[in-house]
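Peer 1: starting from these lines, generate the structure:
(one chain, ligands or ions: 1)
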Amino acid sequence: MESSQNILIAGAGLVGSLAAIALKRRGHHVTLVEARSDMRAQSSAAGRSINLVLTIKGIEPLKRIGLLEDVLKITTPVYGRMMHSQNGELTYQPYGKDDSERNYSVSRRDLNILLMNKAEELGIEIVFESPLDQIDFQNKKVQFSKGEQLEYDILLGCDGAGSKTRKALQAEVNGIDQTVPLGSSYKELLMPAKDNGDYPLDEKALHIWPRGNHFLMALPNQEGSFTMTVYMPDEWMEKLSDEQAVKSYFEEYYPDVVDLMPDYAQEFCENPQGFLGSLDTLPWIYQDSVALLGDAAHAICPFFGQGMNCGFSDVQFLLTSLDQYQDDWEQIFSEYQKHQKPHGDAIRDMSLENFKEMSDSVGDEEFLRRKKIERVLENAFPTLYRSRYAQVVYTLTPYDQAFKNGQINAKILDRICHKYQNPEEVDLNIAKSIIEEEYVKSQRE
Ligand code: FAD
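Peer 2: I've put the predicted structure just below:
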């Protein structure tokens, strides 16, 4: 066991709260400082009830830290995606090879509250309304907006996409810090439960209404409602400035949901517009004393549903490195950056690719044909072939490896889909040799 450190964590969001619990359990003295007031004292903020999909790279750290059982109790399992065409046709695509491979929909707020409660149960002090402002890296001291100061041995910047820790680090070392806006943004809306409490849509699926460069998405909540997220180019958002314009837009593109969302036009006008962008920053660490975790290091667009999962995997990686290197924090942080930065870059790039898939391709016949053929391969050769999606979501394969394997898979699918039109026609012996050939070829490259 490493010797106890005075660990200061900036940001009591999902990643900061999880990191605090993990490190406290290892015997460190942990303080969590949070810019906002305590969300537990406020009722749920309208339009900020983001639902997240929890998958294996987030599940494993929760399991390791002993929180998985409690977290699963506040989730709703989803087994596949249901596409809604403009004329109301439905197409269902299962996520995994069977129902054991599923994703878990969870309210960000409920999960954050659960993690903060667990942190406090362990005796961790959460200091609210204390935005970290400046860092004295040499003397290991932070200063808050109101002027007070705190010393640390280790500072973890878990303060989200707009991280002050990152900005202070950049001011100290002058590295890379670039956020590329997507040019599209999102709004959250609510589809309430039916009067009898039932779900208005199939609750076992994530629903998507792909419409080209814009789309609507729905994830189930536990009490019968769905959280809806509408994504569209920024300039469209600006044009939808009154309820009438919003109604015309929804009636044109999403006619099958308007009756299920009685307040959508008002909510759209009142709810905040969420920014979407991808961060590239380096370094993530400062010597043996400071590291960035979660969105502070790798804020990404949400189209693979992996931002939090990736942030939780940061915590998992730190724990594994602590086992390996004990008190050598310089080595721990150096390994952390070496491993997690390419992992974060890869999920950032795959998330951008998925934007195209979710807004457009999921409704495309050729895309669906490829997916069906891919499913034949996955079922026939479970140890030889896994889709990129499954590698990201159902395996612990690092994102950068999944990205590379996905490029090989694309070549395999190109060849097989060119040869066979329908999934039933695929000759499995030939398919197997194509898979083996492409993977062997990639090892030579
Ligand atoms: P945050 O959740 O942003 O928390 C940072 C905390 O730091 C906040 O509490 C903030 O108040 C605090 N803070 C900020 N500045 C300071 C300061 N100066 N001092 C002290 N505290 C400070 N991820 C998934 O894995 N699956 C999904 O399905 C998914 N869907 C998403 C859908 C949308 C629409 C969006 C926008 C994101 C989605 N994400 C998803 C991403 C996920 O929400 C983030 O990756 C995750 O919340 C990051 O957690 P974090 O703790 O790093 O940062």
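
Peer 1: local confidence estimate at residue 36?
Peer 2: Each residue has a pLDDT score; the one for residue 36 is 96.

Peer 1: any idea how far residue 316 is from it?
Peer 2: 26 Å (Cβ to Cβ, to the nearest Å). Any C-beta I mention is one placed from the backbone N, CA and C, and that applies to glycine too.

Peer 1: what of residue 435?
Peer 2: To residue 316, residue 435 is 30 Å away according to Cβ to Cβ.

Peer 1: next one: residue 374
Peer 2: Relative to residue 316, and taking Cβ to Cβ, residue 374 is found at 29 Å.

Peer 1: what's the pLDDT at the residue in the stretch 151-300 of the chain positioned nearest to the ligand?
Peer 2: The nearest approach of the stretch 151-300 of the chain to the ligand comes at residue 294, 2.3 Å away (Cβ to the nearest ligand atom). pLDDT for residue 294: 98.

Peer 1: cool, residue 366 as well?
Peer 2: At residue 366, pLDDT is 88.

Peer 1: ok, now residue 48?
Peer 2: Per-residue pLDDT puts residue 48 at 56.

Peer 1: wait, residue 80 sits on residue 95?
Peer 2: Yes: using Cβ atoms under 8 Å, residue 80 is in contact with residue 95, at 5.0 Å.

Peer 1: and for whatever residue of the stretch 1-150 of the chain ends up closest to the ligand, the neighbour number?
Peer 2: Proximity to the ligand, evaluated over the stretch 1-150 of the chain using Cβ to the nearest ligand atom, is greatest for residue 13 at 2.1 Å. If you count neighbours by other Cβ atoms under 10 Å, residue 13 ends up with 25.

Peer 1: that one contacts residue 294, correct?
Peer 2: Yes: with contact defined as Cβ under 8 Å, residue 13 counts as touching residue 294 (7.1 Å).

Peer 1: find residues that contact each of the two.
Peer 2: 158, 160 (Cβ atoms under 8 Å, 6 or more residues apart in numbering).

Peer 1: which residues touch the residue of the stretch 151-300 of the chain closest to the ligand?
Peer 2: The contact partners of residue 294, by Cβ under 8 Å, 6+ apart, come to 11, 13-16, 158, 160, 307-308, 310-311, 314.

Peer 1: which residues of the stretch 301-445 of the chain fall in strands?
Peer 2: Read by DSSP state E, counting those that start in this stretch, the stretch 301-445 of the chain holds no strands at all.

Peer 1: how about the residues of it by the ligand?
Peer 2: Applying Cβ under 6 Å from any ligand atom, we find that the stretch 301-445 of the chain lies next to the ligand at 302, 305-309, 311.

Peer 1: mind listing which of these are in helices?
Peer 2: Among these, DSSP state H puts 307-309, 311 in helices.

Peer 1: now the buried members of these.
Peer 2: Listed as buried from those are 307-309, 311; burial here means 16 or more other Cβ atoms under 10 Å.

Peer 1: closest to the ligand among those residues?
Peer 2: residue 307 (2.4 Å).

Peer 1: pLDDT at the closest one, what is it?
Peer 2: 98.

Peer 1: ditto for residue 369
Peer 2: The model reports residue 369 with a pLDDT of 91.

Peer 1: that one and the ligand: what is the separation?
Peer 2: Applying Cβ to the nearest ligand atom, to the nearest Å, the value for residue 369 to the ligand is 27 Å.

Peer 1: OK, contacts around the nearest residue to residue 117 once chain neighbours are set aside?
Peer 2: In space, and not counting its chain neighbours, residue 117 is closest to residue 40: 7.9 Å by Cβ to Cβ, 6 or more residues apart in numbering. By Cβ under 8 Å, 6+ apart, residue 40 lies in contact with 113, 116-117.

Peer 1: same question for stretch 388-397: list its buried residues.
Peer 2: 388-395, 397.

Peer 1: in helices, which of those residues appear?
Peer 2: The helices, defined by DSSP H, take in 388-394 from the buried residues of stretch 388-397.

Peer 1: out of the contacts of residue 294, which two sit at the greatest distance?
Peer 2: 11 and 310 (15.5 Å; Cβ to Cβ).

Peer 1: list the contacts of the residue nearest to residue 344 when sequence neighbours are not counted.
Peer 2: Sequence neighbours aside, residue 298 is the residue nearest to residue 344 in space, at 3.3 Å (criterion: Cβ to Cβ, 6+ apart). Residue 298 sits next to 279, 307, 310-311, 340-341, 344-345, 347-348 when contact means Cβ under 8 Å, 6+ apart.

Peer 1: identify, from these, the entry nearest to the ligand.
Peer 2: For the contacts of residue 298, the nearest to the ligand is residue 307 (2.4 Å; Cβ to the nearest ligand atom).

Peer 1: and the closest residue to the closest one other than its chain neighbours, how many neighbours?
Peer 2: Excluding the flanking residues, the one nearest residue 307 by Cβ to Cβ, 6+ apart is residue 300, at 5.5 Å. Here the number of neighbours of residue 300 (other Cβ under 10 Å) works out to 23.

Peer 1: residue 300 is in what secondary structure piece?
Peer 2: Per DSSP states H and E, residue 300 falls between elements, in no helix or strand.

Peer 1: could you list the low-pLDDT ranges of the chain?
Peer 2: 1, 44-49, 360-363 (pLDDT under 70).

Peer 1: show me how it divides into domains.
Peer 2: 6-74+107-180+276-354, 364-444 (automatic domain parsing).

Peer 1: quick revisit: residue 36 and residue 316: who's more crowded?
Peer 2: Neighbours of residue 36 and residue 316, each counted by other Cβ under 10 Å, are more numerous for residue 316; the result is 21 against 13.
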